[in-house]
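Chemist: sharing a sequence plus its predicted fold:
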Amino acid sequence: MLKIPKALITQVVLWFVFFDHSSFVETRVNLPYVNTGLKSYMICKPNSAAKVGFHLPRKMGGFWVPPLRFLECYYLAYEGTKLRALSLTIKKESVLKKFELSGKTVELEELVCLKKGCLALRIKGAQGLKLVFVVDDTPVWFSKRSADKLKLSLEKGFPTFKEEKHEGLIVFQTKPRLPWKVRQNRVEFSLSKQSVVYVCASPFGKKTVEKELRGLSFEKELKLKRKFFDRRYLKLEPKELGNLVEWLKTNLLWCVHRQEGIGDGVVAGFPDYPWYFGVDTAFSIPGLLFAGFFEEALRSFELLYRFASKNAWRVPHEIVTNGRIYNYGDLEETPLLVCSLWDIYTFTGDERFLKEHLEGATKMMFEYFSKDSLVPEGAGVMEDEQRFSGTKIDVACFGALAYRALSKIHSLFGDSATSKECEKRSEQIQNLVNSHFWDAQKEFYADTLKEGERITNWFWVSVLPLFTKIAPKDIANKVAKTALRKMWSHGLKVEKRKKTVMPVATSLFSIGCFNYSLNELGWIGVLVNLDSFSSFSPACFPEISNSKRGCFLQLWSAATTLQALCHGLLGLEIDQTQKKIALRPWLPQPFERVKFGNMRIGRDLIQLTLTKSGVIFRSKRGIYSIRESF
C-alpha cells in the first residue's frame, strides 16, 4: 500500500474557500479578466488594456469578434484622468466594475452578448464622466491578411468604422443618445446619469451588424445569457465543494465558441489559445459530459471529426478561427478523438450518433494511425521537447485505449470480426507498453522508445499507463511512488528538471491513482488543482498552476479537474445496453456526506448521495438502476 507523506498533505493550504456559486468579487485590479459570448469575447484589465499574448505579442487582449480584434480597450475618465476601479465582480454572464468619484459610487456592467458580436456597457452614476474606446483592427494570428485601415463614417448619427480593403465593421450606439467625438482611433462619449452603450462588430460586413443591432436590449441579452449559464445539471453538496464545481462548469461554458464557417466547439483557453485544438478538445469531452453539457460535447466532437474527414482521417491539432489549420495533427490526437466517441455514447446512450461516426473512427485507426505500423513513430503531445524522436508512450497508451473503445463499439453493432481485431491490437500495444517502456530499475515508464532503447526524460506522460489502466497493479504502485519522489511539486511537474506544473497532468495522474485505489493521492491532486482557482485571473482555472506564463483560463484544466473529482468520488461506470450504473464510491476526509444532484445520464437525471454507510440512489425517470461494485 502506498503511504502518503504528511508533508504532501499539508501542501494543500487553501482547501475549500467559500465562493458564491454565481459571482466572485475580486479586489486585485491589476489582473486580466475574460468575458465571453458564443461569437465574441473581451479580455481586459479593470483599469486598462490587457497587453498580453504570445502569438500576437501584447495584442491578444481586447474585444474580439474572431477572426478580428476591434477594440484594444475602453476606460472611464474624469477631466482627462482615468478612473481606477476599486473592485470587480465576475459573474457567469457579465462583469461588474465599481469606481468611486467624489464619494459616490459609479457602476459599470460589461456584457458580451451571447449570440452576437456585441459588447454592451451599462453605466450608473456616471454623469460628467467620459467613456473612451480605443478602436483597433488586428487579424487573428496565422492570418494571410494584414491589418487594415479603418475609415470613420456615420450610421444613424453614430460613429462607425469600416475597413478600407475588407469587410470588417464596428458600430457604436447609445441609449439615451449621447454626445460623442472621435480623436484618431479613440471614440469618446459624454455619459449621462445612466447610460447604455453598445458596440457591435463583424468581420463579415454591414448586414450582420445591422441584424444584430436590431432590437438590441441590455436586459434581454442579460436574461438570454443567464439562461445559457443556468444549467440544472450536476449540482454538488456540501456547498464549499459545489461552488467550486459550479466555477469549473462555468469555465467550460466560457470556452464554448461559435465561428462562422467553422462551427461550434470548445476553444483551448485565453488569452493565447482562443481557437480549436484536437488534444485539448478530446481531453475535455469527459468533463463536458460529467457537467451534463451533452450538446457542447457532441458539437465539439463533430467539428474535429469533420476536419479529420477532409484530412485523410487525421485529427488536426490546431484550427485557427480564420479557418486555417496550423498543425495538421500530432499522433495522439486521432486515437483520443476515437476514445471521445465512446465517452459520448457512454454518457448519452445515443446509438445513432455512435453509428454515424463509427466508419470514420475506424478509418482513423486503421487507415491513418496504424497505416504503416501498429504504433507509429513521431510527434506526441506538444509540451514534449523531444516529441519528434522515437515512439512515444502517450501515442501508444492512447492507441491502446482507442482500439479498446473501437472493439466495444463494433461488438455493440454485431461486427465480431472487427471487434476481435481491435481487441487484439489493443492487447498488443498494452504488451508493448509493459514489456518495452517499463524500466524496472528506475521503477518508472520510459516516455520514448528509440531504436530499441528506452529513454526516460522524466516527462509527465510516463504516468499514462495508469490513466489508461494498462499498468499491472504492482507496477502502478511503483510508478505512483516514483512520481511522488521525483516529479511532485504541489502537483505533477511537466518535467523533472523544470518547475512547471500543469493541472491537466495532475488530473490525469489523479485519475490514474483512482483507477488503482490510490485514492488519497488522487484526491490530493484534485485539491491542488482546485487551489489554482483564480490564481492569475478571477474565477479562472489556469493552464499552469504555478506560473502566469500560460493561459489564465485553460479549458482542459477545468475539464480534467472536474473529471478527476467525479471519477475519484464515484468510480462511475455506465452500461448503456443494460441501463446499469456501477459505482466504486469513496468519501474523503473531512466529508460525512457528498451529494451529486441532477447528474445527466442518457435521458435520465440521477441523484447519488455518498455517506459513510453507503450510497443513496435515485433515478428521476426510472431508466437506470445501480449496482455498487464492479
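Modeler: All right, it came through fine. From a predicted model like this one, the values you see are computed outputs, not experimental measurements.

Chemist: got any ranges where this structure has weak pLDDT?
Modeler: In the predicted model of the chain, residues 1-19, 384-385, 387, 628-630 satisfy pLDDT under 70.

Chemist: now the residue nearest the centre of it: closest residue in space, sequence neighbours ignored.
Modeler: Centre of the chain computed as the mean C-alpha position; nearest residue by CA atoms, centre = their mean is L555, 1.5 Å away. Excluding its sequence neighbours, the residue lying closest to L555 (CB to CB, 6 or more residues apart in numbering) is C255, at 4.4 Å. Where you see a C-beta, it was placed from the backbone N, CA and C, and this is true even at glycine.

Chemist: just the buried residues of the longest helix along the chain, please?
Modeler: Longest helix in the chain, counting residues (DSSP state H): helix 393-412. Neighbour counts over helix 393-412 (16 or more other CB atoms under 10 Å) mark 393-407, 409-410, 412 as buried.

Chemist: one more: stretch 227-236?
Modeler: Across stretch 227-236, burial judged by 16+ other CB under 10 Å covers 228-229, 231, 234-236.

Chemist: cool, stretch 371-379 as well?
Modeler: 375-377, 379.

Chemist: TSV please, covering those residues and showing secondary structure.
Modeler: TSV is the format used below for the buried residues of stretch 371-379 (DSSP: H, G, I helix; E, B strand; the rest coil):
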residue	secondary structure
V375	coil
P376	coil
E377	coil
A379	coil
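
Chemist: residues contacting K116?
Modeler: 37, 39-40, 200, 212, 216, 221 (CB atoms under 8 Å, 6 or more residues apart in numbering).

Chemist: about what we covered before: so which of the buried residues of stretch 227-236 comes closest to S517?
Modeler: Proximity of these to S517 (CB to CB) peaks at L236, which lies at 22.4 Å.

Chemist: next up, the contacts around the closest residue to Q259 other than its chain neighbours.
Modeler: Using CB to CB, 6+ apart and skipping residues adjacent in sequence, the residue nearest Q259 is T321, 5.0 Å away. Each residue near T321 by CB under 8 Å, 6+ apart is listed here: 66-67, 140, 257, 259, 262, 274-276.

Chemist: so where does T321 fall, helix or strand?
Modeler: Taking DSSP states H and E as the definition, T321 sits outside all helices and strands.

Chemist: show the backbone phi and psi for it.
Modeler: Main-chain dihedrals, T321, degrees, to the nearest 10: phi -70, psi 0.

Chemist: neighbours of K207, how many?
Modeler: Using other CB atoms under 10 Å, K207 is surrounded by 11 other residues.

Chemist: ok, A85 next?
Modeler: By other CB under 10 Å, the residues close to A85 number 22.

Chemist: just to revisit the earlier point, centre of the chain to the longest helix of the chain, how far?
Modeler: The chain centre lies 24 Å from the centre of helix 393-412; the measure is CA atoms, centre = their mean, to the nearest Å.

Chemist: next one: stretch 73-83
Modeler: Counting by CA atoms, centre = their mean, stretch 73-83 comes out at 34 Å from the chain centroid.

Chemist: so which residues make contact with that stretch?
Modeler: With contact meaning CB under 8 Å, 6+ apart, stretch 73-83 is reached by 44-45, 47-50, 61-62, 99, 101, 106, 108, 121, 123, 126, 128-134.

Chemist: now do the longest helix of the chain: which elements does it pack against?
Modeler: helix 333-348, helix 351-363, helix 416-432, helix 464-467 (3 or more CB pairs under 8 Å, 6 or more residues apart in numbering; DSSP states H and E).

Chemist: got the angle for that helix vs helix 351-363?
Modeler: Here the directions of helix 393-412 and helix 351-363 differ by 130 degrees (axes from the mean of the first three to the mean of the last three CA atoms, to 10 degrees).

Chemist: I'm done for today, thanks for sticking with me.
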